[in-house]
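Enquirer: Sequence and predicted structure, then a few things I'm wondering about:
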2 protein chains.
Amino acid sequence: MKIKIVVVLVLIQLVYWSCAEAHPLDPLSPSELNLVRTIVTNSYPPSNLTFQYVALDEPDKPQILSWLSSKSKAPHSPPLPLPRRAFVVARFKKQSLEITVDLSTRSIISSRVYNGHGFPTLTFAEQGLVSKLPFSYEPFKESIKKRGLNMSEVVCAAFTVGWYGEENTKRIVKVKCYYANGATANLYARPVEGVSMVADLDDMTILSFSDRFGIPVPKAEGTEYRASKLKPPFGPKLNAINVTQPHGPGFAIDGHSVSWANWKFHLGFDFRVGPIISLASIYDMEKHKYREVLYRGFISEVYVPYQDPTEEWYYTTYFDCGEYGFGQSASSLEPLRDCPSNAHFLDAFYADANGKPVKISNAFCIFEKYAGDIMWRHTEIAIPNQVITEARADVSLVVRMVSTVGNYDYIIDWEFKPSGSIKFGVGLTGILGMKGGAYSNMDQIKGEIDIHGTLLSDNTIGVYHDHFFTYYLDLDIDGQRNSFVKTTLETRKVKDHKIPRKSYWTAVTETAKTEADGRVKLGLEAAELAVVNPNKKTKQGNKIGYRLLPGSVAHPLLATDDYPQIRGAFSNYNVWVTPYNKSEKWASGMFVDRSRGDDTIAVWSRDREIEKKDIVLWYTMGLHHVPAQEDYPVMPTLSAGFELRPTNFFEANPVLKTIISN
Amino acid sequence: MKIKIVVVLVLIQLVYWSCAEAHPLDPLSPSELNLVRTIVTNSYPPSNLTFQYVALDEPDKPQILSWLSSKSKAPHSPPLPLPRRAFVVARFKKQSLEITVDLSTRSIISSRVYNGHGFPTLTFAEQGLVSKLPFSYEPFKESIKKRGLNMSEVVCAAFTVGWYGEENTKRIVKVKCYYANGATANLYARPVEGVSMVADLDDMTILSFSDRFGIPVPKAEGTEYRASKLKPPFGPKLNAINVTQPHGPGFAIDGHSVSWANWKFHLGFDFRVGPIISLASIYDMEKHKYREVLYRGFISEVYVPYQDPTEEWYYTTYFDCGEYGFGQSASSLEPLRDCPSNAHFLDAFYADANGKPVKISNAFCIFEKYAGDIMWRHTEIAIPNQVITEARADVSLVVRMVSTVGNYDYIIDWEFKPSGSIKFGVGLTGILGMKGGAYSNMDQIKGEIDIHGTLLSDNTIGVYHDHFFTYYLDLDIDGQRNSFVKTTLETRKVKDHKIPRKSYWTAVTETAKTEADGRVKLGLEAAELAVVNPNKKTKQGNKIGYRLLPGSVAHPLLATDDYPQIRGAFSNYNVWVTPYNKSEKWASGMFVDRSRGDDTIAVWSRDREIEKKDIVLWYTMGLHHVPAQEDYPVMPTLSAGFELRPTNFFEANPVLKTIISN
């Protein structure tokens, strides 16, 4: 058993780095989160304060790189002392505070009131409180009674409202309610449509209420998904498949550092975005060393605009990371169902609204994946009297988190391959965003009527929407000074008149000089995109690089001057390349709830130089979703993904000599 | 153990259908192949005849459908008598013959000389014979000597030459040679560049020879891929992963019919295209019956144009099915490497040039795949005092064949999912098409020089090329009368002035009336493509259908009037839809070697009606390949794929109640 699980339970505030496995990029531990709370509430009375976001304020990149370098040169010496800091966003007396806390000196080193547009991520606590308001609100009680519903079966939830040009914005949400609990767990399938409430998150009061009575609540029948509540017949029936590893897993976990096969990386966790992969390096057998690939990568934002422009739905546009917290929303993974039997699970911790640590059990699973695929193979029959076959089974390492943001469940996979590829998988499952409607059959929908979705069941419409996943990928290909290269495949005429062929294509390479050159809308031309290290070349003189193999290309269809798209303008290009800047992490901006798009990558990205610089690649993968009846009452996973693939990074196939222990 | 393997060894020519498991779509058995040979050679003396293609001439579709229907109504009665026929393409006295043989009457029922352009698929026998010619050809021996090479280490192979506007075409190939055998098995990495021979396949003579002496043969070092010949250090090291099924596999094989979970289908084999999946139906638990999805599907052609316009390479364009036989080229799969431990293997048979049956052991493997993925899941925390999590592990059934056409190995997967999806996977591995060159470093390549590829190693260039996979998919969605529907996502302006949002998208559906409406170049607009049954609707009134989720979209970059592209014009659109016509199987035409593009889908597809007809969907998935050094000396698998996904085919999620035995 190679797994070492080191639970860092020492009182870190007393002795920093006393534990050898501590890493400057480790997320804040429960005791560190407690310490942050103590330090902050010493200055700001807790009665008036809520913690909206508490995260590691990681040391600056040069510090981390020096630390790494000193560690690799003298692994047994005490590591370089590095600051250990937390970044806190809090609400205090109806203001947003940005506080930086130094844990070793137990002090606040900076604090400022944020005066710009937008508000912090919503905590679970305030979402819970605001969702309770309708139950003591007389007009709502009246509406429930009028519909002949039982109040004890009603569940409400909070929805962000975006920004639609208002001069002044308050911290408000819409509260929508559902009819669930007893007869079904599938609340989203039973909207109490027509009832609309606006509530103030700071005051915890309902500001406005309306009821366009008339749409029936869809029936409970057919909405349930809990096995214990479903009725026979069951099926299809599948035979069990067990995955076993006679020598145990091939990976080792030391604190938050993972090593497997030729890979090593650090796995962090963040309240806002979930998994953060740092310092991913791959061992080069020829060069006898680990080589840098990715300094830091994570999903920066998930932008989900719904496409129903009617009164109760037009505002529905989610920024799942910035508004709801993709990490806060991580679900505990179920062994054998969410992850295979050879998976190892890791917990994660975040600070709740009171600043107290909350544990998410099994927030991550890590497992070696063997899908029956072939890593490489060849059969040779051209050599007389011989049949040569060589084949290798393909094994990879997967790090998985599932973030359940209300109705939707996002399966986020980071897959490391011995060949050097990193595959990024996203699985969409869970429950659709559904709207009540008057219809039970499409025949009733005549003429100009647009229901803005698919009729899934009687009175139930699955609303059209998109998903845009914007990845932050600070690639450091064999070092920090990198360039972004676009290779266009261009058709050429054959000029040699002795050759009867008329045309061919060739590869024309262009290096992006500024950010403007690095913006790409995919699908318009045949092109390959890569991040290269222009100062390092293979023996054959090719630039060392990694190529982006895009997947599921989609472009936003909203007008660029429409409010949701101004806020989601980071999706206007599939690719952006920026010079590294520690403060540019969030494609959608720091304060996303009710944001006005003035802090997105579309604003920062100007014409800065990006050639031979430390650069960050931002890639947006997208899906337009026209729901189908099969997506009801719970969606079969729809998968998408993309790949970063070494391209002239190695001198030759790095898995030519791979071996699998028997 | 649920697998029943029924080896049909009865003398089928004596008693047809005596064996209950025989199916009218079964490929010809060895004894049937022998019978075909006997019948044909009774009329055509075998000394002058070669068999180029022997295949089942399947009964007409209405006959198969009646047979199926009678079988399902009275499963224990003797099935409807159906003709059992073979289709043979032969070369006889330098002419191509098309012969139809009736096996039950032991007679030739039609025979005609083909007078059109193009020639049949090359047999292994003639490729072998023609590759031997150089060894007794003095100028070639001289060239080898001049290079200081040892003739016993030389291996030659035959390459189709295409058509470049010649008025008269003979059945010729180019013969190219490599230096391999002793020091390496990787012949393709050591081309004897500059030597070019043209040989006549009918006469088995060399017609012309040239030697542009000057390019060195690349060294053997670094080209080997056999584990037994590689030297330490080995790595990366992976821990074994075993896949076991305590209750055995969940599928049953009866002859060539496969059933698993809610799927059943027939797996055929064809010399030209390899696997043919027929009569794929899925069991609907609500309707208590199997419902038709796919009548017949296979890869119709694999078109691989290389992009080097120089004298020795310009003609290099392969049609791997029509010219080389994707089925003939099937490699025997290696247990535990090509397929996991829970795989079941099936042999396949084809007729060689003499008409004799040849067995390909382990031509297919079938296995249940569990990659650790999630079929569907949801976690619910909105209901007070409860955390509900439901998740199901995703298991699918894979049918795999690997076709090794010379240097390239294509991994062809058909994956059936209990959710109703069929996923089509293609993995590209094996060895690149390589060209000798004068260079060892990119610095030597200055100014206007284009090497038309990537410098992979000293004197070794991986030539630019494309792969286009054209799938024939005769979908019968819940019956034969289907339509092709394009749903475009169109941006609309919000007209209601009370709504502050400006835009949204909606789904606009168009049904293709004629073939012209069914041609689609993907990537130009946001659209969903589906085949629907317009006469059948869900309870909610949605058209029952299957959607095409494209993968790896590529468009040909050659001029449309260039010769290779005229022959490969079926790749001009990613999607074609044609009315079913038994004779329209081969996108590239019946006689592809040296074809002139006059029998491709681009010619047949005119403006025939396709609405509410039995229609065939042709989908072309493509990849442009700029080789990388990692692809040398053998390529890590590059994967591509697409999906057919039920879309309002079921009333609701068909795997909601799935269960896995423990």
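Expert: Received, thanks.
Enquirer: So for stretch A:126-136, mean pLDDT?
Expert: Averaging pLDDT along stretch A:126-136 gives 97.
Enquirer: Give me the buried stretch members for that stretch, please.
Expert: Residues of stretch A:126-136 classed as buried: A:126-128, A:130-131, A:133-134 (neighbour count, 16 or more other CB atoms under 10 Å in any protein chain shown). Placement of C-beta: from N, CA and C, glycine included.
Enquirer: What of stretch A:200-215?
Expert: A:200-201, A:206, A:209, A:211, A:215.
Enquirer: Which ones among those residues map onto helices?
Expert: Per DSSP state H, helices hold no members of the buried residues of stretch A:200-215.
Enquirer: so of the residues you listed, which ones are in strands?
Expert: A:200, A:206, A:209, A:211 (DSSP state E).
Enquirer: and the second one, what is it in contact with?
Expert: Think A:Ile206. A:133-134, A:137, A:140, A:175, A:197-199 (CB atoms under 8 Å, 6 or more residues apart in numbering or on different chains).
Enquirer: doesn't A:Gly462 make contact with A:Asp631?
Expert: Yes. The criterion here is CB atoms under 8 Å, and A:Asp631 meets it with A:Gly462 at 6.2 Å.
Enquirer: Identify the contacts common to these two.
Expert: Common neighbours of A:Asp631 and A:Gly462, using CB under 8 Å, 6+ apart, are A:432, A:456.
Enquirer: ok so, going back, return the closest of the buried residues of stretch A:126-136 with respect to chain B.
Expert: Ranked by distance to chain B (CB to the nearest CB), the buried residues of stretch A:126-136 are led by A:Ser131 at 7.6 Å.
Enquirer: Per-residue pLDDT of the nearest residue to the closest one once chain neighbours are set aside, please?
Expert: Leaving out its chain neighbours, the residue that sits closest to A:Ser131 by CB to CB, 6 or more residues apart in numbering or on different chains is A:Cys156, at 4.3 Å. A:Cys156 is assigned a predicted lDDT (pLDDT) of 97.
Enquirer: What's opposite A:Cys156 in the beta bridge?
Expert: A:Cys177 (DSSP bridges).
Enquirer: Spit out the contact partners of it.
Expert: By CB under 8 Å, 6+ apart, A:Cys156 lies in contact with A:131-135, A:175-178.
Enquirer: at 6 Å instead, please
Expert: A:131, A:134, A:175, A:177 (CB atoms under 6 Å, 6 or more residues apart in numbering or on different chains).
Enquirer: what about it, distance to A:Ser440?
Expert: A:Cys156 sits 26 Å away from A:Ser440, taking CB to CB, to the nearest Å as the criterion.
Enquirer: if we can go back for a sec, so which of the buried residues of stretch A:126-136 are in helices?
Expert: Using DSSP H, those in helices are A:126-128, A:130-131.
Enquirer: tell me the domain ranges of chain A?
Expert: Split into domains by automatic domain parsing, chain A comes to A:30-114, A:124-229, A:255-647.
Enquirer: most packed of those domains?
Expert: domain A:255-647 (a mean of 21; mean count of other CB atoms under 10 Å in any protein chain shown).
Enquirer: Now do that domain: distance from first to last residue.
Expert: 32 Å (CA to CA, to the nearest Å).
Enquirer: Where do the helices of chain A begin and end?
Expert: Per DSSP H, chain A carries helices over the ranges A:30-43, A:61-73, A:124-132, A:138-146, A:563-567, A:601-604.
Enquirer: pLDDT (mean, whole number) over the fifth one?
Expert: Taken as a whole, helix A:563-567 has an average pLDDT of 98.
Enquirer: got the CA positions of it in CSV?
Expert: Below are the C-alpha coordinates for helix A:563-567, written out as CSV (Å, rounded to 0.1, in the frame of the first residue of the first chain):
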residue,chain,number,x,y,z
TYR,A,563,-26.3,42.4,-19.9
PRO,A,564,-25.6,38.7,-19.2
GLN,A,565,-23.1,38.7,-22.0
ILE,A,566,-21.4,41.8,-20.8
ARG,A,567,-20.9,40.0,-17.5
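Enquirer: got a list of contacts for that helix?
Expert: With CB under 6 Å, 6+ apart as the criterion, helix A:563-567 contacts A:163-164, A:305, A:317, A:556, A:558, A:595, A:597.
Enquirer: Of the residues you listed, which ones also sit close to chain B?
Expert: By CB under 6 Å from any CB of the partner chain, the members of the contacts of helix A:563-567 lying near chain B are A:164, A:558.
Enquirer: Switch the contacts of helix A:563-567 over to JSON lines; also include pLDDT.
Expert: Below are those laid out as JSON lines (pLDDT from 0 to 100):
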{"residue": "A:Trp163", "pLDDT": "98"}
{"residue": "A:Tyr164", "pLDDT": "98"}
{"residue": "A:Pro305", "pLDDT": "98"}
{"residue": "A:Thr317", "pLDDT": "98"}
{"residue": "A:Pro556", "pLDDT": "97"}
{"residue": "A:Leu558", "pLDDT": "98"}
{"residue": "A:Ser595", "pLDDT": "98"}
{"residue": "A:Gly597", "pLDDT": "98"}
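Enquirer: List just the nearest of the contacts of A:Ile206 to B:Pro191.
Expert: Nearest to B:Pro191 among the contacts of A:Ile206 is A:Val175, at 71.2 Å by CB to CB.
Enquirer: Next one: the nearest residue to that closest one once chain neighbours are set aside from B:Thr509, what distance?
Expert: Computed as CB to CB, 6+ apart, the closest residue to A:Val175 that is not its neighbour in sequence is A:Met197, at 4.4 Å. For A:Met197, the distance to B:Thr509 (CB to CB) stands at 36 Å.
Enquirer: Equivalent analysis for A:Asp211, please.
Expert: According to CB to CB, A:Asp211 and B:Thr509 sit 34 Å apart.
Enquirer: For A:Asp200, see how far away A:Ile206 is.
Expert: In this structure, A:Ile206 and A:Asp200 are 8 Å apart, going by CB to CB.
Enquirer: A:Ala74 now?
Expert: According to CB to CB, A:Ala74 and A:Asp200 sit 56 Å apart.
Enquirer: do the same with A:Arg392
Expert: A:Arg392 is 61 Å from A:Asp200, by CB to CB.
Enquirer: Next up, the contacts around the closest residue in space to A:Glu510 that isn't next to it in sequence.
Expert: Spatially, and ignoring its direct neighbours in sequence, A:Glu510 is nearest to A:Lys486 (5.1 Å; CB to CB, 6+ apart). Shown in contact with A:Lys486 (CB under 6 Å, 6+ apart): A:510, A:527, A:529.
Enquirer: how much space between the first one and chain B?
Expert: Right, A:Glu510. To chain B, A:Glu510 is 14 Å away according to CB to the nearest CB, to the nearest Å.
Enquirer: Ok, the second one next?
Expert: As defined by CB to the nearest CB, A:Ala527 lies at a distance of 9 Å from chain B.
Enquirer: Spatially nearest residue to that residue (excluding sequence neighbours)?
Expert: Per CB to CB, 6+ apart, closest to A:Ala527 is A:Thr488, 4.8 Å.
Enquirer: Output the below-cut-off pLDDT ranges for chain A.
Expert: For chain A, the stretches with pLDDT under 70 are A:1-21, A:181, A:662.
Enquirer: Swap in 90 and give it another go.
Expert: The model of chain A has pLDDT under 90 over residues A:1-22, A:71-81, A:180-183, A:212-214, A:384-385, A:447-448, A:523-524, A:552, A:661-662.
Enquirer: which strand is the longest one in it?
Expert: The longest strand of chain A (DSSP E) is strand A:289-305.
Enquirer: what's near enough to touch A:Pro418?
Expert: So A:Pro418 contacts A:261-262, A:655, A:658, B:236 (CB under 6 Å, 6+ apart).
Enquirer: Of the contacts of A:Ile206, which is the nearest to chain B?
Expert: Using CB to the nearest CB, A:Val175 comes nearest to chain B of these, at 11.9 Å.
Enquirer: ok, now how distant is the closest one from A:Ile64?
Expert: Counting by CB to CB, the gap from A:Val175 to A:Ile64 is 43 Å.
Enquirer: can you list the residues of the stretch 151-300 of chain A near chain B?
Expert: Residues of the stretch 151-300 of chain A lying near chain B (CB under 6 Å from any CB): A:155, A:157, A:164-165, A:181, A:185, A:225-226, A:230, A:233-242, A:244-247, A:250, A:261-262, A:285.
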